[in-house]
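In: Can you look at this prediction? I've put the sequence above it.
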Amino acid sequence: MRIRLALIFIVACASLGASAQIFRTVDANGNVVFTDIAPVDRSGQGAPAQVTVPPVNTVPALSVPARPNNAAAASSPGYYTKLSIVAPAADETIRENAGNVRIEAAMAPPLRPDHRLLLVVDGAPSADAAVNGVFELSNVDRGTHTAAVRIVDRDGAVLIESDPTTFHLMRVAVSPTVPIARPTPPTVPNTPIAPPRPPSAN
């Protein structure tokens, strides 16, 4: 009971401040009441006693350093620590008659939702979109190609770019069908035919 009264007294002192006047009274049921309003005289109750409130101890607030803006850090160069092409391997030869090529990228940390991968083939950005870091290309011309991958933000700014890799695509070349020309009949010169000779008389 004493502990509870002490807690009530401390809370009351803290809320009222050191400059306010605190009065301690006991009601008809024997309950101790602390108040900042001088109680009126009630029959059967003792005279209110004024309580001297000691100064309240205060602790200065600690300065907390501002947390870094993760969104701003993610949109600045240096957020990604790794970006590379893991397939095809460097200088790999791919035999695919349909020209289908699978290009797979690896990065760290994982790609953010507001960022995207951009494929660059032979120095030109590709319109193909990546699914889980994989580009599926089709009908690629046979020959030697270079590929690189970039990570760009929603404004198109390049955050990081991988080293280019070289691959060679081999496709079966089908010779076009050449129609066979029909032989031209030889030209016969137009030679006049001599009239028949009459029979000779014996």
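Out: It's in. All figures in this text were calculated on a predicted structure; none of them were measured in a lab.

In: Can you name the next helix or strand after the longest strand seen in the chain?
Out: Secondary structure of the chain per DSSP state E: the longest strand is strand 143-152. Counting by DSSP states H and E, the element after strand 143-152 in chain order, helix or strand, is strand 158-161.

In: mind listing the strands for this structure?
Out: Under DSSP E, the chain gives strands at 22-26, 32-35, 49-51, 82-87, 92-95, 101-108, 116-121, 124-125, 134-137, 143-152, 158-161, 165-170.

In: Comparing those strands, which yields the minimum mean pLDDT?
Out: Ranked by mean pLDDT, the strands of the chain bottom out at strand 49-51, with a mean of 64.

In: just to revisit the earlier point, other SSEs contacting the longest strand of the chain?
Out: strand 82-87, strand 101-108, strand 116-121, strand 158-161, strand 165-170 (3 or more C-beta pairs under 8 Å, 6 or more residues apart in numbering; DSSP states H and E). Placement of C-beta: from N, CA and C, glycine included.

In: Apply 6 Å and report the result again.
Out: Where contact means 3 or more C-beta pairs under 6 Å, 6 or more residues apart in numbering; DSSP states H and E, strand 143-152 is packed against strand 116-121, strand 158-161, strand 165-170.

In: how's the protein carved up into domains?
Out: 2-51, 79-170 (automatic domain parsing).

In: Distance across the last one, terminal residue to terminal residue?
Out: From its first residue to its last, domain 79-170 covers 38 Å (C-alpha to C-alpha, to the nearest Å).

In: With distance to residue 180 and mean neighbour count as extra columns, can I get the strands of the chain in a markdown table?
Out: Putting these into a markdown table (distance: least, C-beta to C-beta, whole Å; neighbours: other C-beta atoms under 10 Å) gives the following:
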| stretch | distance to residue 180 | mean neighbour count |
| --- | --- | --- |
| strand 22-26 | 119 | 15 |
| strand 32-35 | 118 | 15 |
| strand 49-51 | 122 | 11 |
| strand 82-87 | 46 | 15 |
| strand 92-95 | 32 | 12 |
| strand 101-108 | 37 | 17 |
| strand 116-121 | 40 | 18 |
| strand 124-125 | 42 | 10 |
| strand 134-137 | 38 | 16 |
| strand 143-152 | 31 | 18 |
| strand 158-161 | 54 | 15 |
| strand 165-170 | 30 | 16 |
